[in-house]
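coordinates only, sequence not included:
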């Protein structure tokens with residue numbers, strides 16, 4: 001960074017980071033003015049200019065166009081949320097153990113997941129859902145699935161189900177006395193799973209986002 005911050009500048013930066021964390025966006029000039037107890041917006045702008053000159057933020061012409069910068073080797077924006085990767089989910093026959101693993105975290109802008117809480121990520125194994133889409137993104141092998149725990153599950157949702165201690169990803173449908181977990185696949189070998197409504201099956205959550213793994 002380009003220089004040592006004054007206590008007031010530290011406070012401004014802390015407020016910006018907190019707003020990103022809580023709201024997924026930077027504060028407006030008016031909000032900063034209120035938070036800081038400054039009599040004029042010009043006083044707020046002066047602090048932002050100082051932070052920008054010292055390399056802590058970048059400003060654009062947008063109403064909330066304040067972006068936090070980290071010049072370390074790894075760029076990390078404090079307003080991003082860390083979603084834990086808890087293992088693998090099989091988009092095929094449920095053979096992958098459902099035991100949680102510690103595979104690190106992925107950083108996500110909260111706006112991408114509509115600021116939802118109770119999220120975790122899984123890595124897709126298999127091809128039984130390679131035709132399925134969540135928000136226009138196909139569920140392909142190697143992709144990250146962002147799953148919301150304790151979400152209300154409705155017909156047509158893509159869910160993570162635990163069957164005999166194995167995790168599988170399928171489309172959910174509930175009928176008379178039966179639950180069907182069905183694939184959407186280019187591979188004809190993938191077949192639906194039919195469950196009695198009283199079968200001991202646990203749904204870990206609903207897939208709300210698919211992210212491509214660039215590796």
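Noted; the coordinates are in hand. Since this is a predicted model, take the numbers as computed values, not measurements. Numbers count the residues shown, from 1 in each chain.

For the rest of this, base every contact and every neighbour count on C-alpha atoms.
Noted.

Distance from the helix ranked longest in the chain to the middle of the chain?
Counting residues, the longest helix found in the chain (DSSP state H) is helix 7-23. Relative to its chain's centre, helix 7-23 lies at 22 Å (C-alpha atoms, centre = their mean, to the nearest Å).

Just the mean pLDDT for the helix or strand hosting residue 50, thanks.
Using DSSP states H and E, residue 50 sits within helix 41-53. In this model, helix 41-53 has an average pLDDT of 90.

Skipping adjacent residues, who's closest to the residue of the chain positioned farthest from its centre in space?
In the chain, counting by C-alpha atoms, centre = their mean, residue 39 sits farthest out from the average C-alpha position, at 38.0 Å. Nearest in space to residue 39, with sequence neighbours left out and distances taken as C-alpha to C-alpha, 6 or more residues apart in numbering, is residue 33 at 7.2 Å.

That neighbour: helix or strand, and which one exactly?
Going by DSSP H and E, residue 33 is in helix 29-36.

That helix - contacts with which helices or strands?
Under the contact criterion of 3 or more C-alpha pairs under 8 Å, 6 or more residues apart in numbering; DSSP states H and E, helix 29-36 touches helix 7-23, helix 41-53.

Ok, which of the ones you listed comes nearest residue 63?
Judged by C-alpha to C-alpha, the one of those that comes nearest to residue 63 is helix 41-53, at 12.6 Å.

So what's the gap between the closest one and the chain middle?
Relative to its parent chain, helix 41-53 has a centroid offset of 32 Å by C-alpha atoms, centre = their mean.

ok, residues contacting that helix?
Residues outside helix 41-53 that contact it (C-alpha atoms under 8 Å, 6 or more residues apart in numbering) are 2, 5, 9, 12-13, 29-30, 32-33, 38, 57-59.

what do you get if the cut-off is 7 Å, keeping everything else the same?
With contacts defined as C-alpha atoms under 7 Å, 6 or more residues apart in numbering, helix 41-53 is touched by 9, 29, 30, 32, 33, 57, 58.

One more: stretch 117-132?
Residues outside stretch 117-132 that contact it (C-alpha under 7 Å, 6+ apart): 83-92, 138-149, 170, 183-187, 190.

Give me the subset of the residues you listed lying in strands.
Under the assignment DSSP state E, these contribute 83-90, 138, 144-148, 170 to strands.

Just the buried residues from these, in PyMOL please.
Filtering the ones in strands among the contacts of stretch 117-132 down to the buried ones (16 or more other C-alpha atoms under 10 Å) takes a single PyMOL command:
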select buried, resi 83+84+85+86+87+88+89+90+138+144+145+146+147+148+170
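
Just the element for residue 162, please.
Here residue 162, judged by DSSP H and E, is contained in strand 158-163.
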